[in-house]
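**Q** The sequence and its predicted three-dimensional model are supplied below.
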Amino acid sequence: MTTEREWKRIGPIEDGGTVLGLCIGWLNGRDTLWATTGMVPFRSDDGAESWYPVDEGSRGYQLVTIEYGPPGVLIAGDLKGNILRSLDGGRSWSPVESPGRARPVACLGVSPYFEADGVVLLGTDGDGMWRSADNGRHWDEVNFGLLDLSVLAVACAPEWGRYEYAFAGTTDGVYRSRNGGRAWEAANAGLEGVAVSALAVSPGFSEDRTLFAATEEQGIYRSGDQGATWKKASQGLGDGGINALWISPHFESDGVLVAGTSSGVFRSDDGGERWASVAEQTPPVLCLVGGTNAVYAGVVNVGVLRSTDLGKTWVPATQGLSARNYARLLSCSAKALVAVGSEEGVVRSDDGGSHWAHVRVPEEHLPIGSLDASEPPDGPAFFLASTFEGGLIRSVDGGSTWEQVGGEANGVRSVLLSPDFEQDQTAWAGTEGGEILVTRDAGKTWDGVGSPCGGEPILRLAASPGFGQDRTLFAGTFLAGDGDRASAVRVWRSSDGGARWQAYLERESPSAWLSLALPPSTTPGAYNAGVFGIGSRVFRPSGGRRVEEVISPDEPVILDLIAVPCNEKGADLYAATSQGVFARMKGAERWKSVSEGLSDELILCLLPSPNYAEDGLLYALGVGSILWSLETK
């Protein structure tokens, strides 16, 4: 191998992803958009024609809401109560001192005079409202009069004027502030006990005193007296919960409102009196924003939809928005790649990752927990997977149909097909409670085969390359800390197909994650050549000169390990880490970075090409489902 070769970007497995938050600002004479995806933020400078990640400083945060304040300030909050701020239009981010008690940030609202007063309101799920008067740098608790501390939505009236009107939607109706969010009063007549999920204030509020409240279960309400009283305005909306509202900037004349619901997009052009569905068969809509030329919707899985006719028609706008959660690659035949995402399901490629097709998994079985696959040369692929509820499903016809198997098996966390599955029809499943199940008829029936350590979740199962001869299995478990005892990852080995287990490796680790590589071995007897990644260390329990290795002085987190045959008697090792890809060639003393060409340091997994002996290709999967390839020969 020549490490001077560079990784080549094949592209995203699939554009889109779930967009949790959207905001819009006027920069450089045009609408600029930002999106939070739960992975990294994205930005668009051309009205959602194209997107690119703006993630410097934002890694490790699951951002769910975002707001813009001119002339270029962005504030975003995550599910753990963290707050990030950007002062350069989202290109770089830095954390600020978070308010409250680590409650999820549910919503943000900026003052209509933000450039002058720097006021931001922040609602949390369980810790009420917080207020900043310095562009989000410092925060003060502002819960006076707010009797419900689960705040789901916040909105500021467009003209503060004499009264700085702000509104908060809670699980118990609407609260109103007349002094910029410093103090609150209930504004619930007609909305008592109703969970309010979104708010929209008329652009002519100072004159028409109108605002709208969307609810989780009871449609939309309208107030024409600054929130004092409310009446239902939901005719034609259906039964879906409402997650977002957008009101036209010309509402006084056109009466247009758009609602994002769990069943798609609805629109009203008469001030909310009547509603009609305008985007049927659309995944749930989570957020809405509008600019000078278009309205944008953030939706589950698809990404972003755009409307240029005030919400009448919608089209996807996802180019470059790579926020899918595909996290694992595997090969199921001599030609096919398979990618697995918890919510996305399963896709396969028969042309080296250039094109992908969905393997249909019924929605009731999503998210997928773990999956393994095998495909004979003359038949359809076989899939075995664990489901969201911890059961087992299989497909014997390449994914066309699925059936639940395993009887009362539940809490399944990992699955594994035998290296000789086409001959022995054997597979294993490991559960959250530490039990290991086996099938010898391709999943029709299952039996328990013992447990390495009851009560510890099975993180990973693996079989030696020569399982048919040495009968060696490995199981990784996680021992949670208790008092003075630190948490640890433990590896167990069985030399009789899982009937009996022995402790093999134990290392302290706060994270329940284990990666492993099982290179070929020429030593007779129980397999003993495994290499294991725990935290930032590589371990070789077989002994030798170096039982424990650090692959880099920076100690990146190891996310995946693979062994790639380099000759008949040896293998090269590769590690996917939080800081790129590292390799240790057969016979080499040290690990070396092989990340040339990668634009993203965080690599989730690695896979040799199904035809590696001929093409020498190595695949890497990055955050957002970006796929890379490297010629190693």
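**A** Arrived safely. In this text the structure is predicted, and so the values were computed from the model without any measurement.
**Q** use CA for all of it now, contacts and neighbours both
**A** Will do.
**Q** What is the host helix or strand of residue 244 packed up against?
**A** According to DSSP states H and E, residue 244 maps onto strand 242-247. In this structure, strand 242-247 makes packing contacts with strand 196-201, strand 211-215, strand 257-261, strand 285-290, judged by 3 or more Cα pairs under 8 Å, 6 or more residues apart in numbering; DSSP states H and E.
**Q** Distance from the chain centre to the third one, please.
**A** Think strand 257-261. Strand 257-261 has its C-alpha centroid displaced from the chain centroid by 24 Å (Cα atoms, centre = their mean, to the nearest Å).
**Q** What's the first helix or strand after that strand?
**A** Counting by DSSP H and E, what follows strand 257-261 is strand 264-268.
**Q** Count the residues that sit near residue 469.
**A** Residues within reach of residue 469, counting by other Cα atoms under 10 Å, total 12.
**Q** next one: residue 342
**A** 18.
**Q** tell me the contacts of it?
**A** 325, 326, 366, 367, 368, 369 (Cα atoms under 8 Å, 6 or more residues apart in numbering).
**Q** The same query, at a cut-off of 7 Å, please.
**A** 325, 366, 367, 368, 369 (Cα atoms under 7 Å, 6 or more residues apart in numbering).
**Q** thought the third one was touching residue 389?
**A** No: in this structure, residue 367 sits apart from residue 389 without contact. The criterion is Cα atoms under 7 Å, and the distance is 8.6 Å.
**Q** So which residues of this structure form helices?
**A** 114-117, 205-208, 251-254, 421-424, 467-470, 612-615 (DSSP state H).
**Q** what's next to the fourth one, contact-wise?
**A** It refers to helix 421-424. Contact with helix 421-424 is made by 376, 440, as judged by Cα under 7 Å, 6+ apart.
**Q** try the second one
**A** By Cα under 7 Å, 6+ apart, the residues outside helix 205-208 that reach it are 157, 159, 224.
**Q** Quick one: those as JSON lines, columns for neighbour count and distance to residue 351 too.
**A** Converted to JSON lines, those look like this (neighbours: other Cα atoms under 10 Å; distance: Cα to Cα, whole Å):
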{"residue": "157", "neighbour count": "26", "distance to residue 351": "54"}
{"residue": "159", "neighbour count": "17", "distance to residue 351": "57"}
{"residue": "224", "neighbour count": "16", "distance to residue 351": "59"}
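**Q** for the stretch 501-633 of the chain, what spans make up the strands?
**A** 502-508, 515-517, 531-534, 537-539, 548-550, 558-567, 570-577, 580-584, 592-593, 603-608, 617-622, 626-631 (DSSP state E, counting those that start in this stretch).
**Q** Also the stretch 1-150 of the chain?
**A** 8-12, 21-27, 30-36, 42-44, 52-53, 63-69, 73-78, 83-86, 94-96, 105-110, 120-124, 129-132, 140-141.
**Q** Tabulate those (a markdown table), appending distance to residue 290.
**A** Formatted as a markdown table, the strands of the stretch 1-150 of the chain follow (distance: least, Cα to Cα, whole Å):
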| stretch | distance to residue 290 |
| --- | --- |
| strand 8-12 | 27 |
| strand 21-27 | 7 |
| strand 30-36 | 9 |
| strand 42-44 | 14 |
| strand 52-53 | 20 |
| strand 63-69 | 13 |
| strand 73-78 | 17 |
| strand 83-86 | 21 |
| strand 94-96 | 27 |
| strand 105-110 | 15 |
| strand 120-124 | 20 |
| strand 129-132 | 25 |
| strand 140-141 | 30 |
